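Asker: A structural model of the following input is requested.
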Amino acid sequence: MSPLRQGALYAAALGLSKALGFALLPLSASCLSPSDFGRLEILTAFADIAGIVLGLGLVEVLYRYADRARAVDPVAAELSGLALAASLLAIPMLVAGSAWLAEGLGGDPTETLLIGLAVAVEPALAVPLARMRMRDRADLFAGLVAGRAALQAGLAAAALLAGFGVAGVLAAGAVAGFAATALAVTWQWRGDGIRLRPSAWLAFFRYGLPLVLAGIASFVLGAVDRWVLAASVPLAEIGVYGIAVKVAMIAAALTLPFEQWWYPRRLALAARPDGGAAAERGVALGLVLVTLAAVATAAGGPVAVALLLPRAYGDAAALVPWIVVGLALQAAGSLLNVGAYARSSGVGPMVVAWAAAAVAAVGYLALVPRFGVTGAIAATLLAQTWRLGHFVWLSQRSLPLPLRYRAYGTLAMVAVIAVTLSRLPGAIPTQIAAGAAALLVVAGAAIALGLAPSSVRMRSGGRVHA
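Answerer: Coordinates of the predicted model:
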């Protein structure tokens, strides 16, 4: 399958998934109070950390050690067996502990049980999905992702309209997750197979567990602010903040198709004798896409809040652009960390993640009690800036790429100025026109700086070349 068709399928599936989630947002906002949304945010933060721990870093291990060219790969089979075992062990543990967890999370045991079940199946689902991407099976990946999203959105809408509230939303996620996992595991079993070989797990853990620790640090950076906020502000404010985050995540959704194509290939490309320049062009293209997505969301997100959401959530509009900046910094760090992940160990990314998490934690504890949500956003921006700089330093020491710092910085400055001007007070049509103009200006700057075109291509047989 050609790269263009793969990219189109990734874009269609992930776009549909995110579009359904965003389309559900007005219904959710009308059926759930800001306090309900705040409780949902706390539960979602728990799901984030539980998913990281249960995932065991197996997707990154798969990218590092499995052979994407082999139709049947023993490493993929062994990793799938480990992932399935993790899911099967997690289900009874989360069921048994749901009442205890509910006491700490501020939800009820039913809500905690439902989100726990949704999280438990994620390891068994994630490895086959990653293997589909490695095998260039974008058609299967797209069908599974889009089908899961459609099922979850349909069930959630029905549950909200029926008055089941937060529990209904969580139940929809659990049912859709189990259905998608059953299909993915079946595909994996018929392809590479599923093999339980505990003697191989130690090698997987050696690479993966440091990445789990890095993932926990990323959780501190990306979600623990909800828990700190819960001690300082009302749940309703956390709910408004959660809405702003969901709107800002449109920026991340817009770049997902590229990321789904790029991340499984970047290490192999950069490791080739002539791959440094080609890898940098891929990074540059990713940075351009991240910047354009950030500009579009920072300019258009507040307009969407004003047009689509109840007035109770109106304060989210002012938060969206700042949250988008943090997401752009995070995406840039992930694009520029090629060398850090090319090492034989995951310790480097773990160190970077924990250093950024420490900056975030200190910032949350210092700023949130006094400034609330504004303090949480400021602390996140500081930590993401640290993470970006640390990754660039570490990666360039491990696997130097010919990075064009001046061009990247210039594009970022143009984007900030363009968005700032687009957010000047005015009627909704004026703001829409200003946002479109900002996007065109930034796209023109990317072309003028020589960053927009990329010569990173793929042969139909899967070989990467520049």
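
Asker: what number of residues lie near Leu267?
Answerer: When counting by other Cβ atoms under 10 Å, one arrives at 17 neighbours for Leu267. Yep, even glycine has a C-beta here, placed from its N, CA and C like the rest.

Asker: which residues touch it?
Answerer: With contacts defined as Cβ atoms under 8 Å, 6 or more residues apart in numbering, Leu267 is in contact with Tyr63, Arg64, Val338, Tyr341, Ala342.

Asker: Out of the residues you listed, list just those in helices.
Answerer: If you go by DSSP state H, these have Tyr63, Arg64, Val338, Tyr341 in helices.

Asker: quick one on the thing from earlier: take the contacts of Leu267 and write them to a markdown table, including pLDDT and distance to Phe37.
Answerer: A markdown table is the format used below for the contacts of Leu267 (pLDDT from 0 to 100; distance: Cβ to Cβ, whole Å):
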| residue | pLDDT | distance to Phe37 |
| --- | --- | --- |
| Tyr63 | 81 | 35 |
| Arg64 | 79 | 38 |
| Val338 | 81 | 37 |
| Tyr341 | 75 | 35 |
| Ala342 | 70 | 41 |
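
Asker: longest helix of this structure?
Answerer: Using DSSP H to define each element, the chain has its longest helix at helix 275-308.

Asker: Tell me the helix or strand right after that helix.
Answerer: Where DSSP states H and E defines the elements, the next helix or strand beyond helix 275-308 is helix 316-335.

Asker: Now for Val169: which residues touch it?
Answerer: Counting by Cβ under 8 Å, 6+ apart, Val169 makes contact with Ser28, Leu32, Leu40, Ala156, Ala159, Leu160.

Asker: Counting neighbours, which of the ones in helices among the contacts of Leu267 comes out on top?
Answerer: Val338 (26 neighbours).

Asker: how about Trp322, what does it touch?
Answerer: Trp322 makes contact with Ile377, Leu381 under the criterion Cβ under 8 Å, 6+ apart.

Asker: cutoff 10 Å now
Answerer: Ala244, Ala248, Ala298, Val373, Thr374, Ile377, Ala378, Thr380, Leu381 (Cβ atoms under 10 Å, 6 or more residues apart in numbering).

Asker: Buried among those residues? Need that as a selection in PyMOL.
Answerer: Typed into PyMOL, the line below selects the buried ones among those, using 16 or more other Cβ atoms under 10 Å:
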select buried, resi 244+248+298+373+377+378+380+381
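
Asker: Pick the one among the contacts of Trp322 closest to Leu329.
Answerer: Proximity of the contacts of Trp322 to Leu329, judged by Cβ to Cβ, is greatest for Leu381, which lies at 7.1 Å.

Asker: CA atoms only for the helix or strand where Glu41 lies - export them in CSV, please.
Answerer: Under the criterion of DSSP H and E, Glu41 resides in helix 34-55. Taking C-alpha atoms only, helix 34-55 is exported to CSV below (Å, rounded to 0.1, in the frame of the first residue of the first chain):
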residue,chain,number,x,y,z
PRO,A,34,-19.3,21.5,35.2
SER,A,35,-19.0,19.6,38.5
ASP,A,36,-19.8,16.3,36.6
PHE,A,37,-17.1,17.2,34.1
GLY,A,38,-14.7,17.8,36.9
ARG,A,39,-15.3,14.4,38.4
LEU,A,40,-14.9,12.8,35.0
GLU,A,41,-11.5,14.6,34.6
ILE,A,42,-10.3,13.1,37.9
LEU,A,43,-11.4,9.6,36.8
THR,A,44,-9.7,10.2,33.4
ALA,A,45,-6.5,11.1,35.1
PHE,A,46,-6.6,7.8,36.9
ALA,A,47,-7.1,6.0,33.6
ASP,A,48,-4.1,7.8,32.2
ILE,A,49,-1.7,6.6,34.9
ALA,A,50,-3.2,3.0,35.0
GLY,A,51,-2.9,2.7,31.3
ILE,A,52,0.8,3.7,31.4
VAL,A,53,1.6,1.2,34.1
LEU,A,54,-0.4,-1.7,32.5
GLY,A,55,1.1,-0.9,29.1
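
Asker: Flag every buried residue along that helix.
Answerer: Neighbour-count burial for helix 34-55 flags 34, 36-55 (criterion: 16+ other Cβ under 10 Å).

Asker: Next, the angle from it to helix 316-335.
Answerer: Interaxial angle of helix 34-55 relative to helix 316-335 (axes from the mean of the first three to the mean of the last three Cα atoms, to 10 degrees): 10 degrees.

Asker: Which neighbouring elements make contact with helix 34-55?
Answerer: helix 3-31, helix 74-105, helix 109-120, helix 122-134, helix 165-190, helix 201-222, helix 224-230, helix 235-248 (3 or more Cβ pairs under 10 Å, 6 or more residues apart in numbering; DSSP states H and E).

Asker: low-confidence ranges in the stretch 51-200 of the chain?
Answerer: Of all residues in the stretch 51-200 of the chain, those with pLDDT under 70 make up the ranges 68-69, 71, 107.

Asker: and if we set it to 90?
Answerer: Judged by pLDDT under 90, the stretch 51-200 of the chain has its weakly predicted residues at 51-76, 93-109, 133-139, 142, 191-192, 195-200.

Asker: before we move on, back to that, so which of the contacts of Val169 wins on neighbours?
Answerer: Per-residue neighbour counts (other Cβ under 10 Å) across these peak at Ala156, which has 25 neighbours.

Asker: ok, that one - contacts?
Answerer: Contacts for Ala156 were tallied using Cβ under 10 Å, 6+ apart; they are 20-21, 24, 27-28, 31, 164, 168-173, 175-176.

Asker: Now do the buried residues in the one helix or strand it maps to.
Answerer: Taking DSSP H and E as the definition, Ala156 sits inside helix 138-161. Taking 16+ other Cβ under 10 Å as the neighbour-count basis, helix 138-161 is seen to contain the buried residues 138, 140-142, 144-149, 151-153, 155-157, 159-160.

Asker: quick one: that helix to helix 165-190, angle?
Answerer: 160 degrees.

Asker: For the contacts of Ala156, which entry has the maximal number of neighbours?
Answerer: Leu170 (27 neighbours).

Asker: Contact partners for it?
Answerer: Contact analysis of Leu170 by Cβ under 10 Å, 6+ apart lists 40, 43-44, 47, 107, 110-118, 156, 159, 164.

Asker: Please name the spatially closest residue to it (chain neighbours excluded).
Answerer: Nearest non-adjacent residue to Leu170, counting by Cβ to Cβ, 6 or more residues apart in numbering: Leu114, 3.8 Å away.

Asker: give me every residue that touches the one you found.
Answerer: Leu114 is in contact with 43, 98, 107, 166-175, counting by Cβ under 10 Å, 6+ apart.

Asker: among the residues you listed, which two are most distant?
Answerer: It's Gly107 and Val175 that sit farthest apart of the contacts of Leu114, by Cβ to Cβ, at 18.6 Å.

Asker: any idea how far the residue lying closest to Ala124 once chain neighbours are set aside is from Leu54?
Answerer: Closest residue to Ala124 in three dimensions, ignoring its sequence neighbours and counting by Cβ to Cβ, 6+ apart: Ser87, at 4.0 Å. If you measure Ser87 against Leu54 using Cβ to Cβ, to the nearest Å, the figure is 7 Å.
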